[in-house]
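Engineer: Pasted the sequence and its predicted model underneath.
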Amino acid sequence: SSGTSFIVTANAVGADATVIGPMRLHPNGGAEADLGAAVSNVDGSPAALVIGGTVGGSRINTARYSGIVTISSSDDFTFDAGGGLMSAAKDNLQNALVTITGNASDDSKRIVFNVNKDVDGSDADLDGLAAVAVSAVYSLSLPTSDEAISFSTNIKGSAVTPLTAASLNEKMIAEVRAQAPIASFSGNSNPANLPIDGSSVAMKYAGDLYYLTMNDGEVVVSGGEPGRVTAYFDAAGLLQIFGGGTLAGESFVLAGDDIVSDNSNMALNFGIAAGKTRLTGQEITLSGSLPTLNIDFNGISVAVDVAADGTITQTPAAAGLTLSFQTTTTGKGRLVAEFESAANVLAFEKPGDALGFKSADLRIKNVDGAIQINSISGDLVTVDATATSLAKKTVKISNMAYEDLIVLVSGNGARSVGAVYDEQVRSNANEPLTIRVTDVNSSQIEILDSVSGHSIATRQLDPNGFTNFANYEFELRGDAGLNDQFTLAASVNVAGDNQNLNSILELRTLDADGAGSGGFQKVFNTIVAGVGASVQSGGISLQAAEANRDAAAEAETQFSGVNLDAEAAALMEFQQAYQASARILSTARELFQALIDVV
C-alpha cells in the first residue's frame, strides 16, 4: 500500500490464495514481528483475524482464502441463490453522478464528479417556458474514527463558475481545507539584495516539494499542487509563504541538501534559513469552557488551554513554541502557533477538533482532474460523496455507428431529453460499404461497414427501388434474393476520373491558411473588401484634406483682404464719435456766448 502498512494480493480468476507459515516481517530500523492477516469486508475493513489468531493457545500461521461474488446495481433488486430469496438495497454510487475508487489497500480514494454543464447549467428562453436554472448539488464528506469529527462541504451548482468538473474540484477542495488549520511561513532576515533571477529554494509542504524561483524580481512557485502555495517579499523585505488549509496540520519545512543540492545556501539568500512556521486555527468564540488542545512538540505532550479573556496556558511550557490569540471581533479570534520548523516539530492529536484546530490523518489534493484523499499513516480511508442533477436518468452510449440516433421517450414526467456528443462524426464518403438485402420482397436493405461489419443503417426502398443514405443514392433494379450482398468502394486515383477538378473546386471552400481561414473564394473576397475599404478610406482622407485647405485659405484671407462689413461698422463708429464731439463743441460755444452776453 502507499503507507507500506499492508501486503495486498489479487487474483483475476478468483482462485483461492493459500498462505503457509510461519512468516515474519523485518521492517527497516524496527524489531522483527510476526505476520498477521485478516479477512476484509467489501469496504476494506477487517472482518476477522486469521493468521495471528490463536486456537487452543496455538498461533495460527496457515490459512486458505476464498473469494466472494459481488452484485451491485443503482436500483433495488432481488436475487434467488437457490437457498432463498435475498433483497438488496440501492447503491447510490453505482452508475451515479460521482465515482469513488480506491487503491488495493484502500488507504487512498479518488473521487470523480460527473459534471455536465449542458444539462445542469442555466438556460434562457424567450417566452420563459423552457428556461432552466442551475439545480445541481454536490457534496463531499470525510469522516474520521471519531464520529463527531469530519470534514464536509455541500456546494450548489450555481456557486461554481464555470460549471465544470475542474472548477467544482477546485472549489470543493478549497472549502474542505477552509475548515482546517492554515499554514504559512515567514523569513527570518531581510536580504541585502533580492536573489538574482533564476535562483530558487525548495520547501516541503503536505507531502509535496515546492520550488520558489525568482523571475523578474518576483517569486514564482512551481512543483506540487499548482496554485496551492503563494510566496512574495513583503514591504519589510521578508519572504512570506502561504499554503492555505492543511487537514493534517502540516507545516512548511525547508528541504535538506540531500533532497535539493545546495538548498541551505539558497535559503540564506532568500532569508529563510531560520524562518518561522505559523499554524493558524479557525475562528473561535471565547468562553470559559473551551476544550483543551493536545499537541506533540518535539516528542513532548503539551496541553493548551484558552481562557475566556484570551489568556493562553501551556502545560508544560514548551521552549521554542510561541502561542498567541489574535482577536478578530469582540469575543472572537484565532489561536496562532509559531515555531522554527528547521529545529522543531509540531503534531496535533488526530483526529481532533479543539480551539479551531480540526485535524485528521488525511491529505486532500487535486490530481489529474479528480479529488484524491490519502491517508498519511496508511489507515483505511472512508469517503461519502453525492451529486444531484436536473436529469433523472443519464445514458452514455459509446462505439456508435455513424448514423442518426433516434430516441423515443416514454413514461411519466416532462419527457425532456438533452444530448451531448464528445466526438465529431466522421464522413463515410471514402469507406467501403456493403449493401445487404434483408427482405424477401427486395424492399428493404441494410447498409454495413465493409471493414468492421457493423450495421450502419437500414433503409426502405420506394416503389421504384430508390433510397438515400448520407451522400449516396441507391437504386435496386430487378429482383434480389434474401441476404444478397453488394459491395461499394470508392474509386481512388483512377485515370480519367474527376478528382483533379474536384480538388480545384474544393479550393473555393477549404481552409487555405489554417483552421477558419477560409478557401480561395473567401480569401479573394477578403482581399477585395480590403481594397475597397482602403479606397473608401483614401476618399475620406481626401475630403478631410480639402476641408483643411479651405479653412486655411479662409484664415489667410482674413489677414490679407478687407472685410467690408467690419470697415462699414468702424466708419459708423467714427462718424458717431465725430458727431458727439461736434455737439460738445457746439454746447461749449453756446455756454461761452451766454457768459459774454451776461457780462
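Structural biologist: Noted; the coordinates are in hand. Numbering: from 1, shown residues only.

Engineer: nearest spatial neighbour of the residue positioned nearest the centre of the chain, skipping sequence neighbours?
Structural biologist: By C-alpha atoms, centre = their mean, the chain has its centre lying nearest to Ala166, at 2.3 Å. Leaving aside its chain neighbours, Ala166 sits nearest to Gly369 (6.5 Å; criterion: C-beta to C-beta, 6 or more residues apart in numbering). Where you see a C-beta, it was placed from the backbone N, CA and C, and this is true even at glycine.

Engineer: Does the one you found touch Val112 like I think?
Structural biologist: Yes. Gly369 is within contact range of Val112, at 7.4 Å (criterion: C-beta atoms under 8 Å).

Engineer: who touches both of these two?
Structural biologist: Common contacts of Gly369 and Val112 (C-beta atoms under 8 Å, 6 or more residues apart in numbering): Ala165.

Engineer: more neighbours, those two?
Structural biologist: Taking neighbours as other C-beta atoms under 10 Å, Gly369 and Val112 compare with Val112 leading, 17 against 11.

Engineer: any idea of the pLDDT on that one?
Structural biologist: With respect to pLDDT, Val112 scores 92.

Engineer: do the one 5 residues further on as well
Structural biologist: Looking at Lys117, its pLDDT reads 80.

Engineer: show me what contacts it?
Structural biologist: Lys117 makes contact with Pro162, Leu163, Thr164 under the criterion C-beta under 8 Å, 6+ apart.

Engineer: and it, what are its phi and psi?
Structural biologist: The phi/psi pair for Lys117 (degrees, to the nearest 10) reads phi -70, psi -20.

Engineer: Tell me how far it lies from Ala385.
Structural biologist: Spatial separation of Lys117 from Ala385 under the definition C-beta to C-beta, to the nearest Å is 19 Å.

Engineer: Check Pro463 too.
Structural biologist: Distance, Pro463 to Ala385, using C-beta to C-beta: 59 Å.

Engineer: Show me which of those two is the more surrounded one.
Structural biologist: Ala385 (22 against 6).

Engineer: Assess the claim that the more buried one and Thr101 are in contact.
Structural biologist: No. Ala385 lies out of contact with Thr101 (C-beta under 8 Å); the separation is 11.4 Å.

Engineer: Could you give the secondary structure assignment for the residue nearest to the centre of the chain?
Structural biologist: Under DSSP: H, G, I helix; E, B strand; the rest coil, Ala166 falls in the helix class.

Engineer: wait, what's in contact with Pro351?
Structural biologist: Contacts of Pro351 (C-beta under 8 Å, 6+ apart): Thr144, Ser145, Asp146, Ile149, Ser359, Ala360, Asp361.

Engineer: Can you tell me which of the residues you listed is closest to Gly121?
Structural biologist: Gly121 lies nearest to Ala360 out of the contacts of Pro351, by C-beta to C-beta, at 33.9 Å.

Engineer: Surely that closest one and Pro143 touch.
Structural biologist: No. With contact defined as C-beta under 8 Å, Ala360 does not reach Pro143; the gap is 9.1 Å.

Engineer: the more surrounded of the two?
Structural biologist: Looking at Ala360 and Pro143 with other C-beta under 10 Å, you find the greater number of neighbours at Ala360, namely 25 against 17.

Engineer: From Gly249, how far out is that one?
Structural biologist: Applying C-beta to C-beta, the value for Ala360 to Gly249 is 9 Å.

Engineer: what sits in contact with each of those two?
Structural biologist: Residues touching both Ala360 and Gly249 by C-beta under 8 Å, 6+ apart: Lys350.

Engineer: Settle this for me: Leu323 is touching Ile312, isn't it.
Structural biologist: Yes. Between Leu323 and Ile312 there is a contact at 4.9 Å, judged by C-beta under 8 Å.

Engineer: The closest residue to Thr327 other than its chain neighbours - how many residues pack around it?
Structural biologist: Residue nearest to Thr327 in three dimensions, not counting chain neighbours: Gly333, with 4.2 Å by C-beta to C-beta, 6+ apart. For Gly333, the count of nearby residues is 20 (other C-beta under 10 Å).

Engineer: And the contacts of the helix or strand harbouring Gly333?
Structural biologist: Assigned by DSSP states H and E, Gly333 falls within strand 332-339. By C-beta under 8 Å, 6+ apart, the residues outside strand 332-339 that reach it are 276-286, 293, 295, 297, 304, 306, 310, 312, 320-328, 346, 355-357.

Engineer: now stretch 191-211
Structural biologist: So stretch 191-211 is contacted by 183, 185, 212-217, 221-225, 229, 233, 237, 241, 243, 246, 248, 250-255, 259-260, 263, 266-267, 269-272, 363, 374, 376 (C-beta under 8 Å, 6+ apart).

Engineer: export it as CSV, just CAs?
Structural biologist: The C-alpha coordinates for stretch 191-211 follow below in CSV (Å, rounded to 0.1, in the frame of the first residue of the first chain):
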residue,chain,number,x,y,z
PRO,A,191,18.4,40.0,2.2
ALA,A,192,20.6,42.9,1.3
ASN,A,193,19.6,42.4,-2.3
LEU,A,194,16.9,40.2,-3.7
PRO,A,195,18.1,36.9,-5.1
ILE,A,196,19.1,37.0,-8.8
ASP,A,197,16.6,35.8,-11.4
GLY,A,198,16.7,32.1,-11.9
SER,A,199,17.8,31.3,-8.3
SER,A,200,15.4,29.1,-6.3
VAL,A,201,14.9,27.5,-2.9
ALA,A,202,12.8,24.3,-2.1
MET,A,203,10.2,23.9,0.6
LYS,A,204,8.4,20.7,1.7
TYR,A,205,4.7,21.1,2.4
ALA,A,206,1.9,18.5,2.8
GLY,A,207,3.9,15.7,1.1
ASP,A,208,4.9,17.8,-1.9
LEU,A,209,8.1,19.7,-2.8
TYR,A,210,7.7,23.3,-3.9
TYR,A,211,10.3,25.4,-5.7
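
Engineer: Val437: how many residues sit nearby?
Structural biologist: Around Val437 there are 21 residues (other C-beta under 10 Å).

Engineer: Might you report the residue contacts of it?
Structural biologist: Shown in contact with Val437 (C-beta under 8 Å, 6+ apart): Gln444, Ile445, Leu476, Ala480, Gly481, Leu482, Asn483, Asp484, Gln485.

Engineer: Including secondary structure, pLDDT and neighbour count, could these go into a markdown table?
Structural biologist: As requested, the contacts of Val437 are exported to a markdown table (DSSP: H, G, I helix; E, B strand; the rest coil; pLDDT from 0 to 100; neighbours: other C-beta atoms under 10 Å):
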| residue | secondary structure | pLDDT | neighbour count |
| --- | --- | --- | --- |
| Gln444 | strand | 88 | 15 |
| Ile445 | strand | 89 | 25 |
| Leu476 | coil | 86 | 18 |
| Ala480 | coil | 82 | 19 |
| Gly481 | coil | 84 | 8 |
| Leu482 | coil | 87 | 11 |
| Asn483 | coil | 87 | 10 |
| Asp484 | coil | 89 | 14 |
| Gln485 | strand | 89 | 13 |
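
Engineer: residue boundaries of the helices in the stretch 201-350 of the chain?
Structural biologist: Using DSSP state H, counting those that start in this stretch, the helices of the stretch 201-350 of the chain run over 263-270.

Engineer: pLDDT below threshold where in it?
Structural biologist: Scanning the stretch 201-350 of the chain for pLDDT under 70 picks out nothing.
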